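Asks: Mind folding the following:
(chains A and B)
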Amino acid sequence: AQSVTQPDIHITVSEGASLELRCNYSYGATPYLFWYVQSPGQGLQLLLKYFSGDTLVQGIKGFEAEFKRSQSSFNLRKPSVHWSDAAEYFCAVGGPSGNTPLVFGKGTRLSVIA
Amino acid sequence: DAGVIQSPRHEVTEMGQEVTLRCKPISGHDYLFWYRQTMMRGLELLIYFNNNVPIDDSGMPEDRFSAKMPNASFSTLKIQPSEPRDSAVYFCASAYGFVHEQFFGPGTRLTVL
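Replies: Got it, this is the predicted structure:
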């Protein structure tokens, strides 16, 4: 069965510093991978997605993620964090076969300090 | 489009009462998903519909939970009777195509006293 692990429950970074959020997945074939962001009191918003092709994916708000099949990872990165990036981040995996719904990780809460 | 609309945004009720959560998906989307989010369990898929037909309800925790989608623009999630452990944020999401981006509503925060 597919699964997603986000090893970091909470990360604190300084404004302007770089960011990397980790995501490891388990899936029997080539997965579809997603990163969502949830601001307080809001629903989840898609940051970026990987279906196929270039393993480095660009998303909204300056985020990018890299699919590494050999490591079963899909880490999210941002070169310079802004205070408004403080939120909860969810990685999700789905299958292209069309009969496996998205499975979400438990999320990583990002705090940004001045 | 206004996005996925959920109502109410907050619901406080007493144990044993019936609770109905409502969702209006984005027009043209053919999939609708109901999720529950808690600190302990994270985001859980409860049930999803395709073209108004329930496809997988294996995530529905108990018979006290039921969901319907009478038409393409409306879905309900009902809890009867409600219990304190049902307290959570319930999200509705819709998508065009099963494997594509899911658009989430703002959620309903349910508190059962």
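
Asks: tell me the mean pLDDT over stretch B:54-64?
Replies: Per-residue pLDDT values over stretch B:54-64 give a mean of 91.

Asks: distance between that stretch and the chain's centre?
Replies: Distance of stretch B:54-64 from the chain centroid (C-alpha atoms, centre = their mean, to the nearest Å) equals 11 Å.

Asks: and what of stretch A:2-11?
Replies: With C-alpha atoms, centre = their mean as the basis, stretch A:2-11 stands 9 Å off its chain's centre.

Asks: is it anywhere near chain B?
Replies: No. On the criterion C-beta under 8 Å from any C-beta of the partner chain, stretch A:2-11 is out of touch with chain B, staying 9.5 Å away. From N, CA and C alone the C-beta is placed, and that goes for glycine too.

Asks: was I right about residue B:5 contacting residue B:24?
Replies: Yes. Between residue B:5 and residue B:24 there is a contact under C-beta atoms under 8 Å: 4.2 Å.

Asks: These two: which is more packed in?
Replies: Between residue B:5 and residue B:24, counted using other C-beta atoms under 10 Å in any protein chain shown, the more crowded position is residue B:24 (19 against 15).

Asks: Relative to chain A, how far out is the more buried one?
Replies: 13 Å (C-beta to the nearest C-beta, to the nearest Å).

Asks: what number of residues lie near the residue of chain B found nearest chain A?
Replies: Closest to chain A within chain B is residue B:104: 3.4 Å, counting by C-beta to the nearest C-beta. When counting by other C-beta under 10 Å, one arrives at 23 neighbours for residue B:104.

Asks: Repeat that for residue B:21.
Replies: Neighbourhood size, residue B:21 [other C-beta under 10 Å]: 21.
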